[in-house]
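Student: Output the structure for:
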Amino acid sequence: MSTDAIVLLKQDHKEVRRLFKEFQQAGKDATARKGHLVDKIIELLTVHTYIENEVMYPRVRELLPDLEDDVLESYEEHHVADLLVVELAGMKATDERFDAKTSVLIESVTHHIEEEEQEWFPKVREGLGRKALQEIGADLLEAKQKAPKRPSQPSALKKTVDAVIS
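Tutor: Numbering: from 1, shown residues only. The predicted structure is shown next:
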């Protein structure tokens with residue numbers, strides 16, 4: 001199995017896209033199925049954003065300072081996705097805005113994935129090379145083992161989310 005960081009992250013992206021497609025094709029009356037799919041999406045995105053935020057982005061920022069603006073933008077895109085994930089984790093699939101909120105998450109994350117794969121990953125691959133990407137990949141796999149599977153909800157964020165939902 002490859003430990004190339006970009007290969008590993010692209011595998012996660014592929015799985016996320018598959019779940020997004022299943023959600024979009026589930027149909028209006030598939031509430032239970034959609035709830036199950038969103039639970040899987042939440043878990044996958046929580047783990048994925050954790051390993052990128054804790055391992056990939058800091059390492060790229062350190063080793064390729066010219067990509068700092070890209071890294072900072074990625075942190076912000078993750079922040080937006082994290083807010084939506086926290087809100088979705090507190091909702092039921094029968095809630096009025098569940099499908100709409102999931103659709104916004106899908107659009108946001110799809111945009112982020114496309115930017116990473118088409119623009120950012122090629123720059124990172126060129127700048128770091130194979131050995132560094134394998135080392136980072138090994139660290140990503142290690143971080144994945146201890147990554148949270150559900151979003152944490154700090155009390156201040158919970159108050160904001162509760163205010164928005166009510």
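
Student: CA only for contacts and neighbour counts going forward, please
Tutor: Noted.

Student: What degree of burial does the closest residue to residue 33 other than its chain neighbours show, as a neighbour count?
Tutor: Nearest residue to residue 33, sequence neighbours excluded (Cα to Cα, 6 or more residues apart in numbering): residue 26, at 7.2 Å. Per other Cα atoms under 10 Å, the neighbour tally for residue 26 reads 15.

Student: From residue 84, how far out is residue 26?
Tutor: For residue 26, the distance to residue 84 equals 20 Å [Cα to Cα, to the nearest Å].

Student: Check residue 64 too.
Tutor: 30 Å.

Student: So which of the two has more stuff around it?
Tutor: Between residue 64 and residue 84, residue 84 has the larger neighbour count (other Cα under 10 Å), namely 19 against 15.

Student: Quick check on the residue of the chain positioned farthest from its centre: phi, psi?
Tutor: Of all residues in the chain, residue 29 has its C-alpha farthest from the mean position, at 26.7 Å, by Cα atoms, centre = their mean. Per-residue torsions, residue 29: phi -90, psi 10 (degrees, to the nearest 10).

Student: what's the answer for residue 30, then?
Tutor: phi -100, psi 50.

Student: what about it, how many neighbours?
Tutor: For residue 30, the count of nearby residues is 12 (other Cα under 10 Å).

Student: What of residue 146?
Tutor: When neighbours are counted by other Cα under 10 Å, residue 146 comes out with 11.

Student: That one and residue 48, how far apart?
Tutor: According to Cα to Cα, residue 146 stands 12 Å off from residue 48.

Student: do residue 34 as well
Tutor: 20 Å.

Student: check contacts around the residue nearest the centre of the chain.
Tutor: In the chain, the centroid-proximal residue (Cα atoms, centre = their mean) is residue 45; its distance is 3.8 Å. The contact partners of residue 45, by Cα atoms under 8 Å, 6 or more residues apart in numbering, come to residue 16.
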